[in-house]
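Asks: structure, please.
(2 chains)
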Amino acid sequence: MTSSAENGAENGAENGASNGASNGENNGANNGASVGAGGHADAAARTRVPLVFDRVSHWYGDVVAVNDISCTVTAGITGLLGPNGAGKSTLLQLAAGVLSPSNGAVRVFGESPVDRPDVYRQVALVPEREALPGMMKARAFVMARAELLGVRNASEAVTRALAIVEMDTVADRRIDTFSKGMKQRVKLAAALVHDPSLVLLDEPFNGLDPRQRLHMMRLLEERVAEGTAVLLSSHILEEIASVASNILVVLAGRLAATGDYRTLRRLMTDRPHTVRLRSSADRLLAAALMQEASVLGVEVDSSGVIVRATDYTALSLAIAPVAQRIGCTLYEVQVTDESLEHVFAYLVAR
Amino acid sequence: MSNPSAVTAPRVERAVLGRPSWLRSARAIVHLSVVRTLTPVLLITMTGLVLLPMLFALVFASRGFLSGDPVPFLVERYDQLVAAFATPIIALLLSTSAFSAESDDGTLLYLVTTTTPRWWIVFVRVVFAMVGTAAASAVAVFGTGLIATGMHDPEHITRAFGIASAFGGAAYASLFTLLALLARRALVSGLLYVVFWEGVLSTTFPALHYVSVRQWMLAVANALTDATDARLTDGPSLTASLVGAGLIAVLAVVAGARQLSEPRMSRIGT
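Replies: Just a heads-up that it's a prediction; the model follows:
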């Protein structure tokens, strides 16, 4: 991370955290974004937001798994990204209260989740590991969870949870006869049986085929429409991108970025933005764009003109007037490196 | 999956949450314990442990009057094979199987991320192990007594050890349930404890009588029988034994509940 990005990051983190918190009151649309870690969550919003990490660190012996992370998870789907060993699972366990932070504070709906079983009325954690009590039937397992959670209408809730994940027809089979994807869905049913307001999912797409993944994504979107906050860790970036625009990127235990990934991309001023243009006069357009201060370079190939610019906004404002001035028609303007995959790759490479 | 574009779950009321029912939550905990505990290997091991003192009784009975007085024979077998071996090993297997397996594969998460009080989870697990141990030990004690002496129970020795093994089963179950929550290799640690502490040290050093479940069992049996074998009379007092077992049970539930608030688990993800 360059020094300019660091400065921007600190300010952005402050803004991102407080924007996220206050936006949580407005249906959870979080438009704030920041690159880098640090900052405090808005104290006034702590009691209402589903999940707040406030300068949280956790270490196992000498190994620092989570390092001074501050961020807010509001209603909606938030993607938790990071390479293996970055601290994603530790972060989810901290959020679920099964680990206490070595430093800092975690707040779930305003309260610490550690040693407070009541918090599980509102929270569910789906771990990555597929281990389940194999000798139990799926229905009995979900029923056991419902009874341990104090669900009054347990039979109805279990039937509904199993139907939601489309396991109702095989619910009376033993779990050890299920495929990986089916076990994943049983885990999800066990998590959703009490309609939690905050769902923590660790790699939920593992083992699911494309149709099941699509179903899982729609299912999560339905839950979100009912007001649930979902924190979703995954390494399948396209799927995170399709359900969650708001992301938390964790690298080596630190929060590298948080917010809308498109906004994050624009904050990365040390990485030129790449835009592909197709027009009636590619070479003329390339020459004209080179006169713009924001443009670093152009390349003309069979697909059109590839423009690399330092300032995304300035380039956006310049393209149409330049084309008009030289009298060429624009057929296509496409940003080519604004995908979550690119954002993640840039962050990891820093 | 039929049609991913349409999630066709039945639209029913949302889950209605209350405090978990003591009975229903206990049933769920026992169900989870049974499926993790009663494996074929464990059942075969338990059967072997129950049959072991009975085999000695068969040899004793087969020799008729040549075997001599059955009371010293039964006291010795009940002490060495039941109080110091079968009861603790059965308690160890029943107490550690569920928590250890759940800690190792991470499924303990499904138990602790619930609104059921943690002390209740530990208490039910202790009672589950205690009842199983008491039942298996009772079969061993009464079966051995029946083979050795028939329906006649000289000096109420079989009845006394039947009750003492239930008492010892409770103490061992408490101890090993706590061990399962605290130690990564609870089974091995428990076996070492049974072999060295209860098997060797508690009989070698009289000072250790007060901190040995085996000796507590003998003290309880001593209070319920007319037999005057030195094994029974040399141990700690009945009061000390009851207080010791009570303390272990309370410690197991309190410390176990505390441990469950931040459970020892293998990694749940990458």
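
Asks: next, give phi and psi for the spatially most central residue of chain A.
Replies: Residue closest to the average C-alpha location in chain A (Cα atoms, centre = their mean): residue A:79, at 1.1 Å. Residue A:79 adopts backbone torsions of phi -90, psi 130, taken as degrees, to the nearest 10.

Asks: can you give me the distance of it to residue A:237?
Replies: 8 Å (Cβ to Cβ, to the nearest Å). C-beta here means a position set from N, CA and C on the backbone, and glycine is covered the same way.

Asks: who touches both of the two?
Replies: residue A:340 (Cβ atoms under 8 Å, 6 or more residues apart in numbering or on different chains).

Asks: picking up where we left off before, quick one: the residue nearest to the centre of chain A and residue A:257 touch, right?
Replies: No. If you go by Cβ atoms under 8 Å, residue A:79 and residue A:257 don't touch, sitting 11.3 Å apart.

Asks: so what sits against both of those two?
Replies: With Cβ under 8 Å, 6+ apart as the test, residue A:79 and residue A:257 both reach A:247, A:248.

Asks: specify the beta-bridge partners of the residue nearest to the centre of chain A.
Replies: residue A:232, residue A:247 (DSSP bridges).

Asks: how about it, what does it touch?
Replies: By Cβ under 8 Å, 6+ apart, the neighbours of residue A:79 are A:232, A:233, A:234, A:240, A:241, A:243, A:244, A:246, A:247, A:248, A:340.

Asks: please name the nearest non-neighbouring residue to residue A:148.
Replies: residue B:114 (3.7 Å; Cβ to Cβ, 6 or more residues apart in numbering or on different chains).

Asks: who's in contact with that neighbour?
Replies: A:117, A:120, A:145, A:148, A:149, B:20.

Asks: one more: residue A:328?
Replies: Per Cβ under 8 Å, 6+ apart, neighbours of residue A:328: A:279, A:280, A:281, A:284, A:285.

Asks: name the member of the residues you listed with the most neighbours.
Replies: residue A:285 (25 neighbours; other Cβ atoms under 10 Å in any protein chain shown).

Asks: where's it, which helix or strand?
Replies: According to DSSP states H and E, residue A:285 maps onto helix A:282-289.

Asks: nearest residue to residue A:250 in space, please, no chain neighbours.
Replies: residue A:82 (3.8 Å).

Asks: which pLDDT value does the model give the one you found?
Replies: Looking at residue A:82, its pLDDT stands at 85.

Asks: my read: it touches residue A:254, true?
Replies: No. Using Cβ under 8 Å as the test, residue A:82 is too far from residue A:254 to be in contact (9.7 Å).

Asks: those two: which has the busier surroundings?
Replies: residue A:82 (24 against 19).

Asks: looking at chain B, which helix or strand is least sure?
Replies: The helix or strand of chain B with the poorest confidence is helix B:230-233; it has a mean of 78 (mean pLDDT, DSSP states H and E).

Asks: residues contacting it, please?
Replies: Residues outside helix B:230-233 that contact it (Cβ under 8 Å, 6+ apart): B:75, B:76, B:79, B:218, B:219, B:221, B:222, B:225.

Asks: burial count for residue B:246?
Replies: Close neighbours of residue B:246, defined as other Cβ under 10 Å, add up to 13.

Asks: how far away is it from residue B:68?
Replies: 38 Å.

Asks: nearest to residue B:59 among the contacts of residue A:79?
Replies: Among the contacts of residue A:79, residue A:233 lies closest to residue B:59 (Cβ to Cβ), at 62.5 Å.

Asks: quick one: the closest one from residue A:150, how far?
Replies: Distance from residue A:233 to residue A:150, by Cβ to Cβ: 28 Å.

Asks: ok, now residue A:141?
Replies: 17 Å.

Asks: and residue A:214, backbone torsions?
Replies: In terms of degrees, to the nearest 10, the main-chain angles of residue A:214 are phi -60, psi -40.
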